[in-house]
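Colleague: Pasting the sequence and the predicted model now:
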Amino acid sequence: MFRNNYDNDSVTFSPQGRIFQVEYAAEAVKQGSVVVGIASKTHVVLVAIKRNAEELSSYQKKLFPIDEHVGIAIAGLTSDARVLSNFMKQQCLGHRLTYGRSMPVRTLVDMIGSKAQINTQHYGKRPYGVGLLVAGVDDHGPHLFEFQPSGMTEEMVAFAIGARSQMARTYLEKHLDKFAECDREELIRHGLRALKESLVQDRELTVDNTSVGIAGAADKAGKVEPFKVYDGQEVAAWIESVADDKEAAPAGGSGEGETMEVDP
Amino acid sequence: MTSIGTGYDLANSIFSPDGRNFQVEYAVKAVENGGTSIGIRCKEGVVLAVEKIITSKLLKPNANKRIATVDRHLGIVYSGMIPDGRHFVDRARDEARAWRDTFKSPIGTADLASRMGGYMQAYTLYQSVRPFGITAIVGGYDPSVDLPVDGEVGRGPSCGAGGKIPGKNFGGPGLYMIEPSGLYWGYYGAATGKGRQAAKAELEKLDLAGPGGESLTLEQAVKEAARIIYVAHDDNKDKDFELEMTWISGPEGPTKGLHQEVPRALREEAERLAKKALESDDEEEEGKDDKMEE
Amino acid sequence: MDHRPQAWGRPRDDVYGPYDASYLHTSMPKTATQSPIVTGTSVIAIKFKDGVVMAADNLASYGSLARFTDVKRLRPFLSTSVVGFGGDVSDMQFLDRHLTELAIDEAYEAEGCSAGDVSSSPSSTSSSDSSPNKNGQLNASNLHKYLTKLMYRRRNSFDPLWNQILVAGFDSASQPFLASVDLRGTAFTSPSLATGYGAMLAQPIMRKYAATEEDAARLTREEAVKVVRECMKVLFYRDARSLDRFSLAVVTKDGVEISEDEVLEEQSWAFAERIRGYGTQTV
Amino acid sequence: MAAMFSQNPLMNGPNYSVNDAPRIGAPEGAREHRFDPYTDNGGSTLAIAGADFAIMAGDTRLTSGYSINSRFHPKLFKIGGTTADQEDATIVLSVVGFAADGEALKERLDAICKMYRYRHGKPMSVKACAQRLSTILYGKRFFPYYAYAILAGLDEEGKGAVYSYDPVGSYEREQCRAGGAAASLIMPFLDNQVNFKNQYIPNSGEGHALVERERRPLTRREVEVLVKDAFDGAVERHIEVGDGLQMMIITKSGIEEVLLPLKKD
């Protein structure tokens, strides 16, 4: 029934020092559809592919606002994500009430990290089956964090999680150096292009299956662009701008790489 | 691992017939897969360093810190499962706060090591929890002078608090390493993680317990720490890594008794020297004593 | 607010009639501060164009007894803000310890958030950063909000911290910030503030110089310090629970300077001779 | 003994809004309190609903006893916006009485509105918000928020809506309401000017035959003038009111804020 004797629960080490239950939970993340996040010096963007169970059903939400300065993208078990999302919302609200400021993004991410770690050390608990990309802005500027079921949280320049996300990550690695200086629109386009890399053959980005979320750090006047999710017709122009642009990549000649990549 | 499969390794807090607790041993395995951490204790203070393997190019450089401050004057570095380490640090901070609540003064390095050793050990006692998959190194500098009690409003009496033995030194640097079993010892130089063998060999050459520790300045210790991490990384060359270093000096030293990140300029200088030392090492290959020259 | 800390938590005489102090002398088991014991008198503060000046004398009184004469009632927070305490001294010490822990927690967060590229500059030993807000740590306005919640929570549990507190520093827009909170959690801000007797004696003087924010933004540091020293002198002349040794704090963007051994110079008690009952009577 | 040291004259107060007879003769246990958690911070508020707008107003003085703590302490708060700066808020709450309770009440209501937005993806209606506010107040029935709240916004039809509350949550929707220290001074003025009470057409008859003046909804301009007049009158007659007048005008295009000076004496 089990692959080995050591994967029954999350409180048993294998002789190699691994905890299989946690590794399996990480597999659940790969079951979810792909989400991509990128941070520049001024903005942080999340883009996601939404799935629908069948032709006539609605699309599963992938991006959630947490507080005015933070949003998340999820891949994996949506119900686990909701637990974490509600927790984060409460923490942000509480912090704002107590200190009159927005919660530092790292502090918030560390909180869910600690919460998830507990589930990997106690019998009768299971690790969360969801991975998150947490995007937010605070006094230090824009941030992008990855959260794993193990409780591992790391700050990234750009990242992708979910099904077939490796292709998106390859795209991101290739364009890594450009992101810092990107403006808002360029950043979204990079996000969408990365997303396209991970699409199954003959699937396209459409207004129905694409979500974009973005937040901007304080500008010179101290004004923050609050995290907002865009769906439906709101993302039409962006999708249009990256449609069949294999040649029309932005200045810097990044297009040549695209043909090299082969979907496995 | 001859005993694998006998069934005594399938649950926590179980002894095998020959008196071993397998799950704790397996937790040590998790530590041995992690990046190398070291600590060096010299007369002027303590240096902590860790090798952070870069698992993805997409990680933000220098943003993910692994050495944590506890109270103001203590540092903790760990190898193994990072989320476990975070939990461990959270607990250490709670202990430091509880100590302040009770005694109105900062916790000593030895006291923190003792409490955290106890905490770690408690996770080997029950079937319902697993041991920590980390080995932690705790460094600190206990003040040698009387500190004001927290919340003190006035100058107090002008004469000393008393109770001190003339000629005896109080306070000073402390370095402890806590293992998944809860076992901990004080060290002059401590190393754990994947490259611990090489690192230990290098630490022993420094002769920290003997005259080496007396003569090593804190700045030299920083440079040695960087070099040792580079040496320890040598077996793992295919992967890139980031070096993170912190230090704690006495009240007269560069950190004024606080646990702080090593200033960037010094760290880069130390890394430059470390790379140089490694290169000349490779050329000679004789394995001569490779003490660094200033 | 009444100038006597003993009167702070009581029903107002003008509303409820005179308070029968004999209620205080029952032999009930005590569970909370029901009255202040050792108290500090006024704290005063005024904004100026680059920051805030605050002062409080070094006396802690036990009733009418001048009990402790070396008590520091101004406390720095994270080297960006100053907190001044009036009222009960033991509650002040509790708050001081609490703020120490808060500052330590804040430093934990700052260390995790320190963006890699701008890692701690060489030779930086203390955290006196040039801009108080850009480092993402709690500024004076955040701290005041926190203290307000703390004081209000304690009043809700009928276990108040018997203090009136002034917080000085900078807000998130890097403007000088000055605000007050008392034992009931009532919080407010103003270009100049004073607790206890200072609210009656010092506040009118300070308002002459800084009636509005605009006025305060024209004051120089020297002028502000001068006004505060003048107020401390007036308070020493007229407040029987005051001392001529005091602490003076100046918060600017460069950090916090507190000098704890200020002495009132050039005192003139000539006015006292004409007042019967004031000093030695010759008649 | 306390009275001996009191600097306040022994009288029943200059008509403070929280006026209570001294509790002499109450049962022994009832006088056990030592720490009085309440105080009155004075000030006054006022709200008037128009055909397609609502106006909330309040002075900005904060007092304790005869001291002026602050000359600029707002009593009006925008509620339930998406962000902390309340840019897209559509509801205004005013609180007067004990300032700390007022502040706590406002923050609680705002947090609830924000959670509502998070859960339902739309802002709370004034009607729902009004009911919720009542529930909050009543929830602390036995340790009340000592705050007189007024809530203003636009209802589903776009008409101005004003809800007024007592400290324990009893509430009703009204055309206009004054609250706080000078409520008793302002309210009769409003009865006469907003609801046209006691306004008759001269010589239209005797006694009950007198014909009332025709009632008509006031324009926004008229209401703004009315509010200023009401506060100028209150400042003249009540020591706890003054310094500044803060006005928020709620229309379908958002909330407009106006600050006017009042006498500072």
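Modeller: Yep, that arrived.
Colleague: Just give the nearest non-adjacent residue to the residue in the stretch 51-200 of chain D positioned nearest to chain A, would you?
Modeller: Of all residues in the stretch 51-200 of chain D, residue D:83 sits closest to chain A, at 4.4 Å by C-beta to the nearest C-beta. Heads up, the C-betas are built off the backbone N, CA and C, glycines and all. Nearest non-adjacent residue to residue D:83, counting by C-beta to C-beta, 6 or more residues apart in numbering or on different chains: residue A:68, 4.4 Å away.
Colleague: close enough to count as contact, the one you found and residue D:85?
Modeller: No: with contacts defined as C-beta atoms under 8 Å, residue A:68 does not count as touching residue D:85, sitting 9.0 Å away.
Colleague: Between these two, which has more neighbouring residues?
Modeller: Neighbour count, other C-beta atoms under 10 Å in any protein chain shown: between residue A:68 and residue D:85, residue A:68 has more, with 23 against 13.
Colleague: Now do the same contact list for the more buried one.
Modeller: Contact partners of residue A:68, counting by C-beta atoms under 8 Å, 6 or more residues apart in numbering or on different chains, are A:102, A:224, A:226, A:227, D:82, D:83, D:84.
Colleague: Try it again at 10 Å.
Modeller: Residue A:68 makes contacts with A:92, A:96, A:102, A:136-137, A:215, A:224-228, D:81-85, D:114, as judged by C-beta atoms under 10 Å, 6 or more residues apart in numbering or on different chains.
Colleague: Okay, it and residue B:250: tell me how far apart.
Modeller: Residue A:68 sits 45 Å away from residue B:250, going by C-beta to C-beta, to the nearest Å.
Colleague: before we move on, what about residue D:158?
Modeller: For residue D:158, the distance to residue B:250 under the criterion C-beta to C-beta works out to 71 Å.
Colleague: Where does the prediction get shaky in chain D?
Modeller: Low-confidence segments of chain D, defined by pLDDT under 70, span residues D:1-33.
Colleague: is the top helix by length along it anywhere near chain C?
Modeller: The helix that spans the most residues within chain D, counting by DSSP state H, is helix D:99-120. Yes: figure legend: helix D:99-120 in contact with chain C (C-beta under 10 Å from any C-beta of the partner chain); contacting residues D:99, D:100, D:101, D:102, D:103, D:104, D:107.
Colleague: picking that back up, keep only those of the contacts of residue A:68 that are in strands.
Modeller: Among the contacts of residue A:68, the members falling in strands are A:136, A:137, A:215, A:225, A:226, A:227, A:228 (criterion: DSSP state E).
Colleague: circling back to that earlier point, what separates the longest helix of chain D from the chain centre, distance-wise?
Modeller: Relative to the centre of its chain, helix D:99-120 is centred 17 Å away, using C-alpha atoms, centre = their mean, to the nearest Å.
Colleague: Next secondary structure element downstream of that helix?
Modeller: Helices and strands here follow DSSP states H and E; after helix D:99-120, the next one along the chain is helix D:126-139.
Colleague: Show me what that next one packs onto, helices and strands only.
Modeller: If contacts are counted by 3 or more C-beta pairs under 10 Å, 6 or more residues apart in numbering or on different chains; DSSP states H and E, helix D:126-139 sits against strand D:76-79, strand D:91-97, helix D:99-120, strand D:147-154, strand D:160-165, strand D:171-174.
Colleague: With distance to residue B:49 and mean neighbour count added, can I get the ones you listed in CSV?
Modeller: Converted to CSV, the helices and strands packed on helix D:126-139 look like this (distance: least, C-beta to C-beta, whole Å; neighbours: other C-beta atoms under 10 Å in any protein chain shown):
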stretch, distance to residue B:49, mean neighbour count
strand D:76-79, 52, 23
strand D:91-97, 55, 29
helix D:99-120, 44, 20
strand D:147-154, 57, 27
strand D:160-165, 62, 25
strand D:171-174, 64, 16
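Colleague: Those into CSV, with extra columns for distance to residue B:36?
Modeller: Listed next are the helices and strands packed on helix D:126-139 as CSV, based on distance: least, C-beta to C-beta, whole Å:
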stretch, distance to residue B:36
strand D:76-79, 55
strand D:91-97, 58
helix D:99-120, 45
strand D:147-154, 60
strand D:160-165, 65
strand D:171-174, 67
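Colleague: For residue A:167, which of the ones you listed is the nearest?
Modeller: Ranking these by distance to residue A:167, with C-beta to C-beta as the measure, places helix D:99-120 first at 33.5 Å.
Colleague: Mind listing what's buried along stretch C:55-72?
Modeller: Within stretch C:55-72, the residues that count as buried by 16 or more other C-beta atoms under 10 Å in any protein chain shown are C:55, C:56, C:57, C:58, C:59, C:60, C:61, C:68, C:71, C:72.
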